[in-house]
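Participant: Next input, structure requested:
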Amino acid sequence: MNQPNNNKNKALMYSHPTCAYCDLMREELVEKSIDFEEIDVSKQPEMWNEVEKLSGGDRITPILVHSNGCLLYTSDAAYDTPCVDL
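Facilitator: Down below sits the predicted model:
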């Protein structure tokens, strides 16, 4: 995978500036003091390919890849909701 996430203890969030759910997820991660790296696909459009791989072909944000490797697609309770194993 072409991810700049070199710190395995951080979550990785793919976002877009026009995505309200991205704002909600970011706020929740900050509130819960969860360490994360954010990739803004509007500034790094080549990362849309990774988003598509993770989502099964969709260009959706936010996508959150937990530090343990599982995946979430929405801001719904970012670390309280069961996630999809990669």
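Participant: ends of stretch 38-55, how far apart?
Facilitator: 17 Å (Cα to Cα, to the nearest Å).
Participant: can you give me the helices in this protein?
Facilitator: Using DSSP state H, the helices of the chain run over 20-31, 48-55.
Participant: Mean pLDDT added to the ones you listed, as JSON lines?
Facilitator: Converted to JSON lines, these look like this (pLDDT from 0 to 100):
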{"stretch": "helix 20-31", "mean pLDDT": "92"}
{"stretch": "helix 48-55", "mean pLDDT": "94"}
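Participant: Next, format those as JSON lines and append mean neighbour count.
Facilitator: In short, each C-beta sits where N, CA and C put it, glycine included. Shown next, in JSON lines, are the helices of the chain (neighbours: other Cβ atoms under 10 Å):
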{"stretch": "helix 20-31", "mean neighbour count": "16"}
{"stretch": "helix 48-55", "mean neighbour count": "16"}
